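*Asks:* attaching a predicted model along with its sequence, questions to come.
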Amino acid sequence: MAQIYLNGICKRFKVYERPEGRWGLLKGAFMRSVREVCALDDIGFEIDAGEIVGYIGPNGAGKSTTVKIMSGILTPDCGECVIDGRVPWRDRVAHVSRLGVVFGQRSQLWWDVPVADSFLLLKDIYNIPAAQYRERCRELAEALDITGLLKTPARQLSLGQRMRCELAAALLHRPRLLFLDEPTIGLDAVSKLALRRFLKEENRRTGVTVLLTTHDMDDIEALCTRVMVIGKGKLLYDGQMQALRETYATRDGEDIDEIIAAMYRKMDI
Ligand SMILES: Nc1ncnc2c1ncn2[C@@H]1O[C@H](COP(=O)(O)OP(=O)(O)O)[C@@H](O)[C@H]1O
Ligand SMILES: [Mg+2]
């Protein structure tokens, strides 16, 4: 079986809405309407160990919901998800010991303490032996060029600096799987390039499996040969980047953003 296996995954959310208008707040105290949002509709795919797969789609398509289910944070309404022989939400502790996750819009570093202290807390959380921790810390600090930042509290770092520290934090326990949910969002060009270079090298050296959610098609082109495209909760494409280009490009040398936009239009998402 593949390292990551998803089949028929569905997830709906209930959204409570207050009536609009001047008296909405008051009326809302007595009557709220409930609407259901279908975030994921029959999602299935397999990913082999060592792959780097791009997961793309417009805002609200269901990317983060998929990542949360695969991380064991959310339980789907139906469907199967087996990763390394485990069901993430049933066997969370064992699952996260093999998993690193970075959410671009959220931080796993403690805001007011030096980055090094956050790392030490993670060392205890993951039970990393001292010698192994020292070695890994040194290795990651060097590769991500964060040695000089370790004494700084996370809130004082620039976004690019913080994201490099977030990546190191996610990889301290040498996970076999790395889920990145929009890690390059808001980063400048230099930081993006550094991040891509690091991910490529880390994948080559350690064989870590990477699922990368992004809006940045340059991230995808730099890192992934395989892409999955999701729209309105449905998986629309799963295959080689090159084949996607050949299927949807309307002219030679067309920009990949235009190709993806054309694909969305064609599929009405
Ligand atoms: N906790 C939640 N409660 C209600 N609706 C949610 C929740 N999380 C996500 N959604 C909805 O599910 C859909 C998919 O969201 P998400 O997975 O975050 O998309 P993406 O990451 O692709 O932008 C969206 O319509 C979003 O509004
Ligand atoms: Mg998202």
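*Replies:* Right, received. Where do you want to start? Ligands and ions are numbered 1, 2, ... in the order given.
*Asks:* can you list contacts of the helix or strand containing residue 243?
*Replies:* Using DSSP states H and E, the element containing residue 243 is helix 241-248. Outside helix 241-248, the residues that touch it by Cβ atoms under 8 Å, 6 or more residues apart in numbering are 54, 220-221, 224-227, 229, 237, 254, 256, 259-260, 262-263, 266. Using the backbone N, CA and C atoms, a C-beta is placed for each residue, glycine as well.
*Asks:* list only buried entries from the residues you listed.
*Replies:* 54, 220, 224, 226-227, 229, 237, 256, 259-260, 263 (16 or more other Cβ atoms under 10 Å).
*Asks:* residue nearest the middle of the chain, spatially speaking?
*Replies:* residue 181 (2.3 Å; Cα atoms, centre = their mean).
*Asks:* need the contact list for it.
*Replies:* For residue 181, the contact set (Cβ under 8 Å, 6+ apart) comprises 63-64, 67, 101-105, 213.
*Asks:* type out the PyMOL command that picks the buried ones from those residues.
*Replies:* Buried members of the contacts of residue 181, defined by 16+ other Cβ under 10 Å, are picked up in PyMOL with:
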select buried, resi 63+64+67+101+102+103+104+213
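*Asks:* what residues does the closest residue in space to residue 51 that isn't next to it in sequence make contact with?
*Replies:* Nearest non-adjacent residue to residue 51, counting by Cβ to Cβ, 6 or more residues apart in numbering: residue 209, 5.7 Å away. The contact partners of residue 209, by Cβ under 8 Å, 6+ apart, come to 3-4, 47-52, 176-178.
*Asks:* for ChimeraX, what selects the buried ones among the residues you listed?
*Replies:* Filtering the contacts of residue 209 down to the buried ones (16+ other Cβ under 10 Å) takes a single ChimeraX command:
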select :3,4,47,51,52,176,177,178
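*Asks:* make JSON lines out of the contacts of residue 209 and add distance to residue 167, secondary structure and pLDDT.
*Replies:* As requested, the contacts of residue 209 are exported to JSON lines (distance: Cβ to Cβ, whole Å; DSSP: H, G, I helix; E, B strand; the rest coil; pLDDT from 0 to 100):
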{"residue": "3", "distance to residue 167": "21", "secondary structure": "coil", "pLDDT": "97"}
{"residue": "4", "distance to residue 167": "20", "secondary structure": "strand", "pLDDT": "98"}
{"residue": "47", "distance to residue 167": "20", "secondary structure": "strand", "pLDDT": "98"}
{"residue": "48", "distance to residue 167": "22", "secondary structure": "coil", "pLDDT": "98"}
{"residue": "49", "distance to residue 167": "20", "secondary structure": "coil", "pLDDT": "97"}
{"residue": "50", "distance to residue 167": "18", "secondary structure": "coil", "pLDDT": "97"}
{"residue": "51", "distance to residue 167": "18", "secondary structure": "coil", "pLDDT": "97"}
{"residue": "52", "distance to residue 167": "14", "secondary structure": "strand", "pLDDT": "97"}
{"residue": "176", "distance to residue 167": "16", "secondary structure": "coil", "pLDDT": "97"}
{"residue": "177", "distance to residue 167": "14", "secondary structure": "strand", "pLDDT": "98"}
{"residue": "178", "distance to residue 167": "9", "secondary structure": "strand", "pLDDT": "98"}
